[in-house]
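A.B. asks: Compute the structure for the input listed below.
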Amino acid sequence: MNIKKLTLAGMLSALGVVCSTFYIPIGITKCFPIQHLINVVCAVMLGPVYGVLCAFTISTLRILLGTGTPLAFLGSMIGALIAGIAYQKTKKIYAAVVGEIIGTGIIGSLLCYPFARLFLGNQTAVWYTFVLPFFASTVCGSVIAFVLLKSHSKIMLMLKQKGLQN
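C.D. replies: Predicted structure coming up:
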């Protein structure tokens with residue numbers, strides 16, 4: 001097991017849990033843009049497996065602490081997986097962002113509908129109930145991640161050119 005990847009995954013998971021008090025309540029969802037930021041960062045820096053494990057860890061701890069709902073599993077894990085695969089295939093940061101938005105904002109949100117009806121007893125939910133809040137949350141977090149990762153790339157390139165980083 002790669003100790004550096006495991007350490008970074010642990011730190012990103014801890015960051016996600018610490019920041020979990022910052023969420024935007026929309027209906028029965030607790031939108032958490034930091035999760036999407038972490039999903040994209042994990043996709044780029046660690047890959048899809050670590051991304052899904054981070055998303056699972058953060059979702060589990062958020063539920064235990066009362067700052068998340070079971071809907072967090074579906075959205076975050078699917079988004080992390082698709083973002084990681086998209087980045088792995090293309091090596092482009094924007095592909096991870098698009099993967100996260102499609103994975104969480106569309107696929108994950110649509111899968112939350114049957115979950116909410118069957119397991120959470122929400123009979124008022126319709127198939128598109130979660131699309132807008134999930135989409136808004138994932139776009140915010142993913143755009144912030146894109147800006148951070150692009151900045152990081154430029155800084156690392158500049159350090160490498162100056163011979164300060166190998």
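
A.B. asks: where exactly do the helices run in the chain?
C.D. replies: All helices of the chain, identified by DSSP state H, fall at 3-18, 33-45, 48-65, 71-90, 93-100, 109-118, 131-161.

A.B. asks: Could you say which of these is packed most deeply?
C.D. replies: Among the helices of the chain, helix 33-45 has the highest mean neighbour count (mean count of other Cβ atoms under 10 Å), at a mean of 27. Where you see a C-beta, it was placed from the backbone N, CA and C, and this is true even at glycine.

A.B. asks: Please tell me how far that helix is from the chain's geometric centre.
C.D. replies: In terms of Cα atoms, centre = their mean, to the nearest Å, the centre of helix 33-45 is found 5 Å from the chain centre.

A.B. asks: For that helix, name the packing helices and strands.
C.D. replies: helix 3-18, helix 48-65, helix 71-90, helix 93-100, helix 131-161 (3 or more Cβ pairs under 8 Å, 6 or more residues apart in numbering; DSSP states H and E).

A.B. asks: Quick check: which of those helices is nearest to Leu37?
C.D. replies: helix 131-161 (4.2 Å; Cβ to Cβ).
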